[in-house]
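1. generate a structure from the sequence data that follows.
(2 chains)
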Amino acid sequence: QKEVEQDPGPLSVPEGAIVSLNCTYSNSAFQYFMWYRQYSRKGPELLMYTYSSGNKEDGRFTAQVDKSSKYISLFIRDSQPSDSATYLCAPPVGGTSYGKLTFGQGTILTVHP
Amino acid sequence: NAGVTQTPKFQVLKTGQSMTLQCAQDMNHNSMYWYRQDPGMGLRLIYYSASEGTTDKGEVPNGYNVSRLNKREFSLRLESAAPSQTSVYFCASSEVAGVGGSYEQYFGPGTRLTVT
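-> Numbers count the residues shown, from 1 in each chain, chains lettered A, B, ... in the order given. The predicted model follows:
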């Protein structure tokens, strides 16, 4: 079993929809959760991160962690065509000082006008 | 600041040929990483360097070697390329993250490698 699992999609939604992207993980040592966004033919870039359980909001994006069920979610409100990208969840291995990440497979999202 | 730069952007090799992928960062980061990305597999860590002078294997190191040339540069070498190494290769760098610090990695634009 991979340490981080994501549904690869692809996911296609109309502009303005609420998007829910999800990851499950198996390593209970993960304490810190990151979402990266990758546009086509580009390198990934950090979108947002959150510690432990609970929600974190940043504009139209909300990251949610449920440690009891080992489930991570990213919600996008009022989705825009510019949100079309691959979204990767990436918990760092807990306890390391240099930030070694474990990436999910990524979910491909298309927002059509 | 250029951030993380990678050369070349594209490369086609024949089976058995060798090549070195170059990576450099100008953010004074201590840690550097090499990943490969294949459809449906996400990003998989090949090798990493926690600090200058150290390198360690990641998830998929077979067929690769690395050199941390100095704090700025981290190269990836394929000694005898195989079709299974056809992939997109990304280099990344990050600060040493202490407790409560950021684990953010900054990625280069990638090298698209095809081995025939």
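2. name the helix or strand for the closest residue to B:G58 other than its chain neighbours, please.
-> In space, B:G58 comes closest to B:L45 once its chain neighbours are excluded; the distance is 3.1 Å by CB to CB, 6 or more residues apart in numbering or on different chains. C-beta: built from backbone N, CA, C; applies to glycine. Following DSSP states H and E, one finds B:L45 within strand B:42-49.
3. give the other helices and strands that that strand contacts.
-> strand B:31-38, strand B:56-57, strand B:64-68, strand B:74-78 (3 or more CB pairs under 8 Å, 6 or more residues apart in numbering or on different chains; DSSP states H and E).
4. mind giving me JSON lines with these and columns for mean pLDDT?
-> What follows is these, written out as JSON lines (pLDDT from 0 to 100):
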{"stretch": "strand B:31-38", "mean pLDDT": "94"}
{"stretch": "strand B:56-57", "mean pLDDT": "92"}
{"stretch": "strand B:64-68", "mean pLDDT": "97"}
{"stretch": "strand B:74-78", "mean pLDDT": "98"}
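5. close to chain B: what parts of chain A are there?
-> Within chain A, the positions adjacent to chain B are A:4, A:6, A:8, A:32, A:34, A:41-46, A:49, A:88, A:92, A:97-101, A:103-106 by CB under 8 Å from any CB of the partner chain.
6. touching stretch A:31-51 from outside, list them.
-> A:21, A:52, A:56, A:58, A:61, A:63-65, A:72, A:74, A:85-92, A:94, A:101, A:103, A:106, B:4, B:43, B:90, B:92, B:102-110 (CB atoms under 8 Å, 6 or more residues apart in numbering or on different chains).
7. give the rounded mean pLDDT of it.
-> Averaged across stretch A:31-51, the pLDDT comes to 90.
8. output that stretch as CSV - backbone C-alpha positions only.
-> This file holds the C-alpha atoms of stretch A:31-51, laid out as CSV (Å, rounded to 0.1, in the frame of the first residue of the first chain):
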residue,chain,number,x,y,z
GLN,A,31,1.8,15.7,11.2
TYR,A,32,2.1,18.4,8.6
PHE,A,33,0.2,18.4,5.3
MET,A,34,0.9,20.2,2.1
TRP,A,35,-0.9,20.7,-1.2
TYR,A,36,1.1,21.4,-4.3
ARG,A,37,-0.4,22.7,-7.6
GLN,A,38,1.2,21.8,-10.9
TYR,A,39,0.3,23.4,-14.2
SER,A,40,0.8,21.5,-17.4
ARG,A,41,4.5,21.2,-18.3
LYS,A,42,5.6,23.1,-15.2
GLY,A,43,7.2,22.2,-11.8
PRO,A,44,4.9,21.9,-8.8
GLU,A,45,4.5,24.9,-6.5
LEU,A,46,3.2,25.0,-2.9
LEU,A,47,-0.4,26.0,-2.7
MET,A,48,-1.0,25.7,1.1
TYR,A,49,-0.1,23.7,4.1
THR,A,50,-1.6,22.9,7.5
TYR,A,51,-0.6,21.2,10.7
